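The following block contains a protein sequence and its predicted model.
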Amino acid sequence: MTETPLTPLPEDWHRALVVVAHPDDMEFGAAAAVARWTGQGKEVVYCLVTSGEAGIDGIDPQRAGPLREAEQRESCRVVGVEQVEFLHLPDGVLEYGVALRRRIAEVVRRHRPDVVITNNFRDTWDGAVNLNQADHIAAGRASLDAARDAGNRWVFPEQVEAGLAPWPDVRAVWAAASPGARHAVDVTATFEAGVESLRAHRAYLEGLGWADFDPDAFLREGARAAGARAGVELASTFEVFPLRWGGGDG
């Protein structure tokens with residue numbers, strides 16, 4: 001069966017806010033797209049909900065958190081991202097709900113992005129059996145709702161009273177690597193930067209214990225498959241959630 005072609009994402013925007021659960025979440029497939037955008041002069045800011053401190057079995061969380069934050073900052077440097085912040089919520093036990101929406105809405109109101117980018121928050125990675133992780137689902141769902149919350153002055157009004165103006169101008173939320181993706185970004189020219197950004201998570205990758213894991217081969221396989229659907233050599237995929245009523249896919 002022929003897979004549905006992927007449509008290019010719009011690039012007529014200036015500022016994006018990335019909100020993901022852990023260090024490494026963007027690097028498993030979407031960092032090359034970020035490198036493309038920063039190369040175009042766009043501003044991309046990262047917000048990590050946790051520090052990924054529970055992600056390395058052999059390293060105590062008190063040591064792993066600062067280590068993974070440092071790896072994320074280096075990973076961001078590789079793809080041209082200068083602003084990185086951490087909310088320091090507990091890794092592994094994120095809960096979708098009002099409290100998480102509040103924290104992310106505050107970040108949206110501060111950075112005032114045109115688009116919000118998060119990770120796949122569907123139940124699976126393949127639309128079938130490869131299960132997603134609970135933190136990804138919670139952070140992604142909360143990011144989608146918080147992007148709308150940020151525009152309503154009567155939602156989390158204490159933030160407005162403290163001087164953060166509502167921000168109703170988020171055009172869409174883009175979820176990277178979603179099984180529901182219908183859009184793609186050509187990353188042929190920036191693929192190597194994406195690979196190096198994943199390699200920057202050295203301690204995390206070593207802690208996974210995956211024998212002979214090759215970041216280049218892993219990322220290239222997915223990027224080639226996406227590229228075939230997008231009509232380019234290599235691509236990253238995104239599911240688009242428009243926030244404007246009756247709006248298009250941008």
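Nice, I can see it. Residues are numbered from 1 along each chain as shown.

Helices of the chain, start to end?
Along the chain, counting by DSSP state H, helices occupy 31-39, 61-78, 98-111, 134-149, 157-161, 191-199, 202-208, 215-230.

Show the average pLDDT along the shortest one.
When the per-residue pLDDT values of helix 157-161 are averaged, the result is 98.

Show me what that helix packs onto, helices and strands only.
Under the contact criterion of 3 or more C-beta pairs under 8 Å, 6 or more residues apart in numbering; DSSP states H and E, helix 157-161 touches helix 98-111. The way it works is simple: take the backbone N, C-alpha and C, and place the C-beta from them, glycine included.

Find the centremost residue of this protein, please.
The centroid of the chain falls nearest to Thr118 when counting by C-alpha atoms, centre = their mean (3.4 Å).

Does it touch Leu144 like I think?
Yes: using C-beta atoms under 8 Å, Thr118 makes contact with Leu144 at a distance of 7.2 Å.

joint contacts of those two?
173, 175 (C-beta atoms under 8 Å, 6 or more residues apart in numbering).

helices or strands up against the helix or strand bottoming out on mean pLDDT in the chain?
Least confident helix or strand, the chain: helix 202-208 with a mean of 95, by mean pLDDT, DSSP states H and E. Packing partners of helix 202-208 (3+ C-beta pairs under 8 Å, 6+ apart): helix 61-78.

list the buried ones in the helix it packs on?
Neighbour-count burial for helix 61-78 flags 61, 64-65, 67-69, 71-76, 78 (criterion: 16 or more other C-beta atoms under 10 Å).

re earlier: can I get the helices of the chain in CSV with distance to Trp125?
Putting the helices of the chain into CSV (distance: least, C-beta to C-beta, whole Å) gives the following:
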stretch, distance to Trp125
helix 31-39, 17
helix 61-78, 21
helix 98-111, 22
helix 134-149, 9
helix 157-161, 34
helix 191-199, 16
helix 202-208, 16
helix 215-230, 10
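
I'd assumed Leu48 was in contact with Gln83.
No: the pair Gln83 / Leu48 is not scored as a contact, 11.6 Å apart, by C-beta under 8 Å.

and these two? which has more neighbours close in?
Ranked by neighbour count (other C-beta atoms under 10 Å), Gln83 and Leu48 place Leu48 first, with 28 against 12.
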